[in-house]
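In: the sequence and its predicted three-dimensional model are supplied below.
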Amino acid sequence: MKHPVSKVLWIPLDKVEANDYNPNQVARNEMILLYHSIKADGFTQPIVTIYDKERDKYVIVDGFHRYLVIKTYADIRKATDGLVPIVVIDKPLTERMASTIRHNRARGKHSVVGLSNVVFQLLDMGWDDKRICDELGMEVDELVRMKYVTGFAKLFEDTKYSRAWETRHQIENRRNFEEMHHKNH
C-alpha cells in the first residue's frame, strides 16, 4: 500500500502556497506554541499538498499553519535552508477540499463560516448531502446549520424537513417506510 508519508520531499518555500478554501483558524497563542514546537522538535509532520503543473506550485491541502510558521519566522527558514517538508497527493478539487476538512476536524476547531463556504462549494460542484456528511464526518443537523450559515436558499432545495422531535433513527425508519410504500403502489 502506498502512503504519501513514505515520500517526503523538501521543496523551496516559494514553490509552496496556501489553498483558497481552508476554513481552519488558529488562535495567536496556538500559533506561538506551534512555532516553539517546530523550533524545539523540528518538523514532525510534512505539509500535505497537491502539485499544480500549470503553475509549477505545490498547493497546501493540510498544514497551512506549519507553512505559515516557516514563512513567518526567519530562524525556522534558516534551520530548514528555506525548504518545506511536503508530501504530494493526487486528487481532484472536491476530494482535496474534503481531505482538508477531515484533517482539520480530526484536530479540532473550524471557522463556522469557512466550513459552511466549503460545504456550499461542494454542493455547488455536485456533492449531495449524504456524501458531504460521509466524507466530512458531519451529522445531518450540522450540515443543515452549515447551509443556514451560508444564507443560500439553493442549498435547501432538496432538503426534506422532519419534525424536530424525531431522532435520526426515526427519520430513517420513516423514509424506509415511505420508500417501501411507494414501491408497493
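Out: Nice, I can see it. No experiment lies behind these values; they were computed from the predicted model shown.

In: domain ranges for the protein?
Out: Per automatic domain parsing, the structural domains of the chain span 1-110, 112-185.

In: just the strands in the protein please.
Out: With DSSP state E as the criterion, the chain has strands at 9-12, 16-17, 47-52, 57-62, 83-88.

In: what lines up beside the third one in the sheet?
Out: Here strand 47-52 is paired, per DSSP bridges, with strand 57-62 (antiparallel), strand 83-88 (parallel).

In: avg pLDDT for stretch 50-62?
Out: Averaged across stretch 50-62, pLDDT comes to 91.

In: next, the buried residues of it.
Out: Ile50, Tyr51, Lys57, Tyr58, Val59, Ile60, Val61, Asp62 (16 or more other Cβ atoms under 10 Å). For the C-beta atoms, the positions are set from N, CA and C on the backbone; glycine is no exception.

In: gap between the two ends of that stretch?
Out: One end of stretch 50-62 sits 10 Å from the other (Cα to Cα, to the nearest Å).

In: chain center to it: distance?
Out: With Cα atoms, centre = their mean, to the nearest Å as the basis, stretch 50-62 stands 16 Å off its chain's centre.

In: same check, this time on stretch 117-135
Out: Stretch 117-135 has its C-alpha centroid displaced from the chain centroid by 12 Å (Cα atoms, centre = their mean).

In: pretty sure Lys15 is in contact with Lys57, am I right?
Out: Yes: between Lys15 and Lys57 there is a contact at 6.0 Å, judged by Cβ atoms under 8 Å.

In: common neighbours of these two, please.
Out: Shared contacts of Lys15 and Lys57, defined by Cβ atoms under 8 Å, 6 or more residues apart in numbering, are absent.

In: which residues of the chain fall in helices?
Out: With DSSP state H as the criterion, the chain has helices at 28-41, 64-72, 74-79, 93-107, 112-124, 129-136, 140-150, 168-184.

In: how about CSV for those helices, with mean neighbour count added?
Out: Output for the helices of the chain, formatted as CSV (neighbours: other Cβ atoms under 10 Å):
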stretch, mean neighbour count
helix 28-41, 12
helix 64-72, 19
helix 74-79, 13
helix 93-107, 18
helix 112-124, 18
helix 129-136, 16
helix 140-150, 17
helix 168-184, 10
